[in-house]
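> Task: produce atomic coordinates for the following.
(one chain, ligands or ions: 1)
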Amino acid sequence: MTPSPINIPVIAIDGPSASGKGTVAERVASVLGFHFLDSGALYRLTALSAMKHGVALDNEAGVAALAAALPATFHDGAVWLAEENVTEAIRAEAVGEGASKVAALPAVRVALLDRQRAYRQAPGLVADGRDMGTVVFADAVAKVFLTASAEARAERRYKQLIEKGNSANLPALVADMQARDARDTARAVAPLKPASDALLIDTTNMDIDSAVQAVLAHYRSKQGN
Ligand code: DC
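Next up, the predicted model:
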């Protein structure tokens, strides 16, 4: 018999952008052989889709309709919107900005709920986002909130941009990071905040491997509870 989704373990990893949660979540999923949900990619795809269709990012009903019918597929690390490979496009700063705007619209969040929950498949799921432990998978067996100082996160983003051959300005990145945090934290619906039962991990002075080990140890401590 297929186990009911409720029995399938979920590890919820939330936190602000560039806290390292995406990399940590992917590695934890790969160690455990679990599925992986990058929920931020769904908000990015929604914003990109709105931009392509000329739908204003504050048109709640219009953007929610696009979100509900998003022709998105993920395979082998690539992200597709209908017939178009948008793996790089959804990572653009403008799309990240747009994602943060559409993510503040309640109808858009509701439109994406079932799609996110459908990722809960055996043998388990590692879900990465802002409201995985508080809303989407409030019954997750293990919840983690990964943070790092805005300066440390801006520095990581700076290095990524330089490595890719882009120009970057560190003080501007710190300011962007703070503005994005403020918007994600202050919004009325599903704001960025740790679940009351989440383990807080500050990665300001921690490497990825140590963060992965901390998440795995937390999950193992919860198994059988
Ligand atoms: O994690 P990210 O940078 O790819 O997320 C893009 C935007 O989407 C970010 O500004 C916050 C929003 N988001 C959200 O509101 N809820 C989620 N579960 C994931 C992302």
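
> From now on I want contacts and neighbour counts done on CA atoms only, so please keep to that.
Noted.

> ok so P16 is a strand residue?
No - when classified by DSSP: H, G, I helix; E, B strand; the rest coil, P16 is found to be coil rather than part of a strand.

> which residues does it contact?
R130, L146, T147, D181, L192 (Cα atoms under 8 Å, 6 or more residues apart in numbering).

> V55 now?
Listed by Cα under 8 Å, 6+ apart, the contact set of V55 reads G62, V63.

> what does the model give it for pLDDT?
V55 carries a pLDDT value of 98.

> List the beta-bridge partners for I11.
V126, A142 (DSSP bridges).

> quick one: it from V212, how far?
From I11 across to V212, the span is 12 Å (Cα to Cα, to the nearest Å).

> Which one of those two is surrounded by more residues?
Using other Cα atoms under 10 Å, the more surrounded residue of I11 and V212 is I11, with 28 against 20.

> how near is that one to the ligand?
Using Cα to the nearest ligand atom, to the nearest Å, I11 is found at 13 Å from the ligand.

> same deal with S221?
Distance, S221 to the ligand, using Cα to the nearest ligand atom: 25 Å.

> which stretch of helix or strand covers that residue?
helix 208-222 (DSSP states H and E).

> How about that helix, which residues are buried there?
Using 16 or more other Cα atoms under 10 Å as the test for burial, helix 208-222 gives A211, V212, A214, V215, L216, H218, Y219.

> Now flag whichever of those is closest to H75.
Minimum distance to H75 across the buried residues of helix 208-222 is 23.1 Å, recorded for V212 (Cα to Cα).

> give me every residue that touches that closest one.
Counted by Cα under 8 Å, 6+ apart, V212 has contacts V24, A25, R27, V28.

> try 10 Å
Shown in contact with V212 (Cα atoms under 10 Å, 6 or more residues apart in numbering): K21, T23, V24, A25, E26, R27, V28, A29, V31, H218.

> hmm, which two among the residues you listed are most spread apart?
T23 and H218 (17.1 Å).

> Now for the nearest residue to H218 once chain neighbours are set aside, how many residues are close by?
Spatial nearest neighbour of H218, chain neighbours left out: A142 (6.9 Å); criterion: Cα to Cα, 6 or more residues apart in numbering. Number of residues near A142 (other Cα under 10 Å) recorded here: 24.

> Next, the contact list for A142, please.
Contact partners of A142, counting by Cα under 10 Å, 6+ apart, are 9-13, 126, 133, 197-199, 215-216, 218-223.

> Get me the contact residues on the protein for the ligand.
Selection of the chain residues close to the ligand by Cα under 6 Å from any ligand atom yields 17, 39-41, 43-44, 96, 99-100, 103, 129-132.

> Model confidence for the spatially most central residue of the chain, exactly?
In the chain, the centroid-proximal residue (Cα atoms, centre = their mean) is G129; its distance is 2.9 Å. The model reports G129 with a pLDDT of 95.

> for S4, same thing?
Model confidence at S4, expressed as pLDDT, equals 55.
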